[in-house]
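>>> how would this look folded up:
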Amino acid sequence: MAQALLAACRAAGVCLATAESCTGGLVAAALTDVAGSSDVVLGGVVSYSNAAKMDLLGVHSDTLDAHGAVSEPVARQMATGAATRFHAEIAVSTTGIAGPGGSEHKPEGRVCFAVTTPKGTQSQTVEFGALGREAVRARSVEHALTLLLTAAETL
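Numbering: from 1, shown residues only. Here you go, the predicted model:
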């Protein structure tokens, strides 16, 4: 899927960036595993802590206080922050509870995603369930790449 995404970005004449929390850089790794990806992938930020989300991506402390790190409002600000900082037309973000653990209000396997493009920013929450840390992260990477591909193909 990464190759198809990179080809779609080239065809649209756009570059991309990532902002990752629960995936810890795996989305960027999947993209940069493809030789020649440097003409499309501008960079990525792993912002595991709230401080990193604020300092590196411009997430507002008020948003974190009101919604928590695992939320669509934070995912939207992460994606927008990555696009702005890297001067990318498309950016994706991931923030969630890969596990183990979670809570009644934010269960293991909940991941919030956002994609920003020149057309705007969209977000969604996916409940992967308590599949285990590795599986949640793998599914999150696949989902993030799918969101990016869809975004690139609709520009």
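>>> top helix in the chain by residue count?
helix 133-153 (DSSP state H).
>>> mean confidence score for that one?
Helix 133-153 carries an average pLDDT of 98.
>>> okay, buried residues for it please.
133, 136-141, 143-145, 147-149, 151-152 (16 or more other Cβ atoms under 10 Å). The C-beta positions use only the backbone N, C-alpha and C, and glycine is treated the same way.
>>> got phi/psi on the residue most central in space within the chain?
Most central in the chain under Cα atoms, centre = their mean is S93, positioned 1.9 Å from the mean C-alpha point. When read as degrees, to the nearest 10, the backbone of S93 gives phi -130, psi 150.
>>> kindly report the same for the one 10 residues further on.
S103 adopts backbone torsions of phi -140, psi 180, taken as degrees, to the nearest 10.
>>> for A28, what are its contacts?
A28 sits next to 18, 20, 41, 43-44 when contact means Cβ atoms under 8 Å, 6 or more residues apart in numbering.
>>> include secondary structure and neighbour count when you put those residues into JSON lines, please.
Converted to JSON lines, the contacts of A28 look like this (DSSP: H, G, I helix; E, B strand; the rest coil; neighbours: other Cβ atoms under 10 Å):
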{"residue": "T18", "secondary structure": "strand", "neighbour count": "31"}
{"residue": "E20", "secondary structure": "strand", "neighbour count": "26"}
{"residue": "V41", "secondary structure": "strand", "neighbour count": "23"}
{"residue": "G43", "secondary structure": "strand", "neighbour count": "16"}
{"residue": "G44", "secondary structure": "strand", "neighbour count": "25"}
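>>> now for these: which two are most distant?
E20 and V41 (12.9 Å; Cβ to Cβ).
>>> name the SS class of A91, please.
Following DSSP: H, G, I helix; E, B strand; the rest coil, the label given to A91 is strand.
>>> so it makes contact with R76?
No: contact criterion Cβ atoms under 8 Å: A91 and R76 do not qualify, at 10.5 Å.
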